[in-house]
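**Q** Prediction below, plus the sequence it came from.
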Amino acid sequence: MSFKLCYFFLALTIGVNSFAQKDSSVPRKKKIYENKGSSYTLISHQEIEANFKKTLAGLLNEQAGIVVSGAYQPMGSFTNLYMEGCLGGKVLILLNGIPIWDPSSISDTYFDLNFISLNEIEEILIYRGAQSTIYGSGALVGVINIVTLKKKLEKAVDISVVAGAGNESAKTLDAKLWGTKDKVNYSLGYSSFGTDGFSYAQDTTGKNNFDLDGFKSYLYNTQLEYKPTDKLSITAYYLHNKYKADSDEEGFIDTKNFYYTNTLVNKGLSFKYAKNNLSLIGNYNLCNSIRDYHYSSSNSEYVKGTAKFANLIMQTSFKKSISLTIGIDYRSGKFYNSFYDSLLGASQNKYPATYQYGVYTTINYQNRDSSYLLVLGFRANDCKQTKMATSLFINNSYRLNNLIEIFANISKGYLTPSIYQSYDSSIGNNNLLDETILSSRLGIEVTTSTSTHKVSYFQNNLKNGIDFNSNTGAYSNCYTLTSWGFEYETKLHLSTHFLLLGNYTYLAGNEKDISRQNFSDTVSYSYLIRRPKSVVNCTLTYKEKYSSISLSSRYVSSYYDIGLATNDFKLNGFVLFNLNASLAISNRIGLLVGIQNIANRTFHDTRGYNSIPFTAICGIKVSL
C-alpha cells in the first residue's frame with residue numbers, strides 16, 4: 001500500500017471505530033437551508049479564518065468531489081471548477097443566495113473566483129446534485145453559495161485589521177468595520193494583496209529566465225441592513241474588486257508584457273418580510289464584469305459583460321408537516337468586446353442580449369417525529385435561445401435513530417447556451433439545445449457526540465453537452481458524459497484540543513466528444529481530463545482557547561491533461577502539505593501564519609504551467 005494513502009486509511013479507521021459510540025443524546029440536525037434534503041457541505045467561518053491568505057479557489061479545491069484546475073497556479077490565473085466529474089462551467093456560484101456570473105464567458109455560468117477574498121466570507125455552502133429547480137440554468141451538478149453577510153452583530157462598532165507580508169514580496173492588508181445600532185446593521189470591508197509571484201509558464205530547462213507573473217488586487221465591500229419593523233428587513237450591498245495579473249499566453253512559453261486587468265462591480269437590493277407562517281423574499285442584482293487584456297504594446301482586447309437577476313419567493317406552511325415554496329425569477333445578460341491591433345486597427349462586436357424567465361415550486365413534507373423528510377420540486381423556464389426547459393428533483397432523508405440518517409436524491413438540471421456559443425459571428429450556433437443532466441445520489445450520515453461521518457454514492461448523466469465541433473466549424477451539442485463515484489467526509493474530535501477533518505473522493509467516468517487527435521471522429525474516452533480518480537484531503541488541528549495550529553495534506557492520483565493533435569498526456573500524482581497557525585498575544589492582538597507547499601515540492605496540475613512553490617506569509621491581527 002502506498003504511503004501516500006496511509007493517513008487517509010488511518011483517518012477512516014478512526015472514523016469507523018467511532019461509529020460504535022452510542023450516544024442517544026445526539027438530536028436530528030435541523031434542515032435550515034432553503035433546498036432542504038439536498039446533500040451539502042458547510043465551510044464555517046472558523047474554518048475559513050484558519051486558512052490565512054489561502055485563495056477561495058484553493059479552499060474549494062480541498063472539498064470532497066471538487067477539483068479546481070488552476071488553483072495552484074499564480075494568483076489571478078484562470079480557474080475551472082469541476083464537481084463530481086462534470087466539466088467546468090456546470091456549477092452555479094451564488095453570492096448570498098443570488099446567482100452571479102459573467103455573460104461574456106464561453107460558459108453561461110462562469111464566475112471568476114479571483115474576485116472574492118476569503119477575508120470577506122462568513123461561510124460557504126456547497127450543495128451537490130442538480131439544483132436547477134431552485135436556482136435555474138447552470139446548476140447542473142451543484143451550487144456553491146458564498147455568504148458574506150455578517151451573522152453575529154452584537155456591538156455598535158467592531159473593527160478588525162490584518163496586515164502581513166511574505167516571500168515573493170507578498171503584502172496584504174485587510175480591514176473590516178461592522179456593527180449594529182437600533183434598526184440598522186452594517187459592514188464595511190477593504191482588502192488588498194500584492195505579490196511578485198512566479199512564472200505562469202513552465203521552463204523545462206530551468207535556464208531560460210522566465211519572468212515572474214505578479215498579482216495586485218483591491219476589494220471594497222459594503223452592506224447595509226435596515227429593519228423598520230420586526231417583520232421587515234431591507235438590505236443594500238455593493239462589491240467592487242479590481243485586480244491586475246501578469247500571465248503567459250501558452251504553456252512552456254514565456255510571454256513578456258502580457259497582463260490583464262479584471263474588474264467586478266456587483267450591487268443590489270433585497271428584502272425579507274415574515275408574518276406568522278408566511279414569508280416573502282425579493283432580490284434584485286446587477287453585476288458588471290470587465291476584462292481588459294494587454295497582449296502586447298500593439299495588441300489589446302476589452303470585454304464588458306452585464307448580468308441582471310431578480311426574483312420573488314413566497315414560503316408558507318400548513319400545520320407542522322407541510323411547507324410550500326413558490327418562486328419566480330428573471331435573468332438577463334449582454335456583452336460586447338473591442339479589439340485593437342496596430343496593423344489592423346480597432347474593431348468592436350456587440351452581441352444580442354439574452355433573457356430567461358422561470359417559475360418553480362417545492363413542497364416539503366416531514367412526518368410527526370421529524371424522522372422522515374420528503375422534498376419535491378419542479379421548475380418551468382423560458383429562454384430566448386432555446387425556449388422552454390423544465391427541471392425537477394425528489395429528495396428523501398430518513399433518520400433511523402439518533403445516530404444514523406440515510407438520504408436519496410434524484411434531480412434533473414439544465415444549462416442554456418451562452419451568448420458567445422449562440423451568437424458569435426464565426427463559430428456561434430443559434431440552434432443549440434440546452435445541456436441536460438440526470439443526477440442521482442444515495443448516502444448515509446452517522447453523527448455522534450464527537451464525530452460526523454458521511455458516505456455518498458453519486459452518478460451524473462449529461463446529454464447535449466455543448467462543445468466546438470471541428471466538423472461543422474461551430475459549437476454543437478456533440479458532447480455526452482457519464483460520471484460516478486463516492487465521497488467520504490469526516491469531522492472527528494479526537495480530544496478536547498485535537499480536531500481531524502478529512503474527505504476522500506473516488507471518481508470514474510467516460511465522455512464522448514469530437515476526437516482531440518484527428519478533430520473529426522466521434523470518440524469515447526474512458527478517462528476524464530484534469531479530474532483524477534482519487535483525491536484525499538486531511539487537516540489535523542490543535543486548538544487552545546485563542547490559538548491554534550493546523551497541518552493539512554492533499555493527495556492527488558495521476559490523471560490526464562489534454563493533448564491536441566496528439567495523445568492526451570498523463571500527469572504524475574502528488575502530495576502537498578500546508579500549515580496554518582494563529583497565536584493570541586492578547587484578547588485583541590494575534591499573530592497569523594500561512595504556509596503552502598511546505599516541502600517546496602515541484603508539481604504541475606496543468607501541463608505546461610507551474611504550480612505553487614513554497615510560499616509563506618505572516619501577519620498580525622488587531623481587533624478593536
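**A** Looks like it arrived, so ask away.
**Q** When you work out contacts or count neighbours from here on, use the C-alpha atoms and nothing else.
**A** Will do.
**Q** A380 belongs to a strand?
**A** Yes. The assignment for A380 is a strand, going by DSSP: H, G, I helix; E, B strand; the rest coil.
**Q** neighbours of it, just the number please.
**A** 17 (other CA atoms under 10 Å).
**Q** Please apply the same query to N401.
**A** 13.
**Q** for S347, same thing?
**A** Using other CA under 10 Å, S347 is surrounded by 11 other residues.
**Q** for M83, same thing?
**A** Neighbours of M83 under the rule other CA under 10 Å: 25.
**Q** Isn't S217 up against T195?
**A** No. Using CA atoms under 8 Å, S217 makes no contact with T195, being 9.6 Å away.
**Q** where are the low-confidence patches of the stretch 401-550 of the chain?
**A** Within the stretch 401-550 of the chain, no range satisfies pLDDT under 70.
**Q** From start to finish, how long is stretch 406-425 in a straight line?
**A** 50 Å (CA to CA, to the nearest Å).
**Q** Report pLDDT for N119.
**A** Listed pLDDT for N119 reads 89.
**Q** repeat for A165
**A** pLDDT, A165: 97.
**Q** burial of it, as a residue count?
**A** For A165, the neighbour count with other CA under 10 Å is 19.
**Q** residues in contact with S422?
**A** Taking CA atoms under 8 Å, 6 or more residues apart in numbering, we find S422 in contact with 385, 428-432, 475.
**Q** Now list the buried members of these.
**A** Restricting the contacts of S422 to buried positions leaves 385, 428-430, 432, 475, with burial counted as 16 or more other CA atoms under 10 Å.
**Q** what kind of secondary structure is N208 in?
**A** At N208 the chain is in coil, as set by three-state DSSP.
**Q** T133 too?
**A** In the three-state summary, T133 is assigned as helix, counting by three-state DSSP.
**Q** circling back: take the contacts of S422 and write them to CSV, including secondary structure and distance to G89.
**A** Listed next are the contacts of S422 as CSV, based on DSSP: H, G, I helix; E, B strand; the rest coil; distance: CA to CA, whole Å:
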residue, secondary structure, distance to G89
Q385, coil, 18
G428, coil, 18
N429, coil, 19
N430, coil, 19
N431, coil, 20
L432, coil, 17
Y475, strand, 16
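**Q** out of those, which one sits closest to F577?
**A** In terms of CA to CA, no member of the contacts of S422 lies closer to F577 than Y475, at 40.9 Å.
**Q** Which one of the buried ones among the contacts of S422 is nearest to N367?
**A** Relative to N367, the closest of these is Q385; by CA to CA it sits at 42.3 Å.
**Q** could I have the helix or strand where T490 lies exported to PDB, CA atoms only?
**A** Using DSSP states H and E, the element containing T490 is strand 474-493. Extracted in PDB, the C-alpha atoms of strand 474-493 (Å, rounded to 0.1, in the frame of the first residue of the first chain):
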ATOM      1  CA  ALA A 474     -19.200  25.900 -34.900                       C
ATOM      2  CA  TYR A 475     -20.500  24.900 -31.500                       C
ATOM      3  CA  SER A 476     -22.900  21.900 -31.400                       C
ATOM      4  CA  ASN A 477     -24.500  19.500 -28.900                       C
ATOM      5  CA  CYS A 478     -21.800  16.900 -29.600                       C
ATOM      6  CA  TYR A 479     -20.700  16.000 -26.000                       C
ATOM      7  CA  THR A 480     -22.000  13.500 -23.500                       C
ATOM      8  CA  LEU A 481     -20.700  12.400 -20.100                       C
ATOM      9  CA  THR A 482     -21.400   9.700 -17.500                       C
ATOM     10  CA  SER A 483     -19.600  10.100 -14.200                       C
ATOM     11  CA  TRP A 484     -19.900   8.100 -11.000                       C
ATOM     12  CA  GLY A 485     -18.100   7.600  -7.700                       C
ATOM     13  CA  PHE A 486     -18.300   8.000  -4.000                       C
ATOM     14  CA  GLU A 487     -17.300  10.500  -1.400                       C
ATOM     15  CA  TYR A 488     -16.400  10.100   2.300                       C
ATOM     16  CA  GLU A 489     -16.400  13.100   4.600                       C
ATOM     17  CA  THR A 490     -15.500  13.100   8.300                       C
ATOM     18  CA  LYS A 491     -15.200  15.500  11.200                       C
ATOM     19  CA  LEU A 492     -13.700  13.900  14.300                       C
ATOM     20  CA  HIS A 493     -13.000  15.400  17.700                       C
END
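**Q** Direction included, what does it pair up with?
**A** Using DSSP bridges, the strands paired with strand 474-493 are strand 451-469 (antiparallel), strand 498-514 (antiparallel).
**Q** Out of those, flag the one nearest S317.
**A** Closest approach to S317 among these (CA to CA): strand 451-469, 29.9 Å.
**Q** Low-confidence stretches in the stretch 151-300 of the chain?
**A** Along the stretch 151-300 of the chain, segments meeting pLDDT under 70 span 151.
**Q** Let me see the ranges of the strands in it.
**A** Secondary structure of the stretch 151-300 of the chain (DSSP state E, counting those that start in this stretch): strands located at 158-166, 170-181, 184-198, 213-226, 232-246, 259-275, 278-296, 299-318.
**Q** Can you add distance to L81 and give these back as TSV?
**A** Converted to TSV, the strands of the stretch 151-300 of the chain look like this (distance: least, CA to CA, whole Å):
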stretch	distance to L81
strand 158-166	28
strand 170-181	26
strand 184-198	22
strand 213-226	21
strand 232-246	20
strand 259-275	19
strand 278-296	19
strand 299-318	20
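**Q** Of all those strands, which one comes closest to V593?
**A** Relative to V593, the nearest member of the strands of the stretch 151-300 of the chain by CA to CA is strand 158-166, separated by 9.0 Å.
**Q** Packing partners of that closest one?
**A** Secondary-structure packing of strand 158-166 (3 or more CA pairs under 8 Å, 6 or more residues apart in numbering; DSSP states H and E): strand 170-181, strand 615-623.
**Q** and if we set it to 10 Å?
**A** Helices and strands touching strand 158-166, by 3 or more CA pairs under 10 Å, 6 or more residues apart in numbering; DSSP states H and E, are strand 170-181, strand 184-198, strand 589-596, strand 615-623.
**Q** Now find how far off-centre that strand is within its chain.
**A** 25 Å (CA atoms, centre = their mean, to the nearest Å).
**Q** what does that strand rub up against?
**A** Strand 158-166 is contacted by residues 53, 119, 170-180, 187-195, 588-595, 615-624 when judged by CA atoms under 10 Å, 6 or more residues apart in numbering.
**Q** let's go with 6 Å and repeat that
**A** Applying CA atoms under 6 Å, 6 or more residues apart in numbering, the contact partners of strand 158-166 are 171-179, 616-624.
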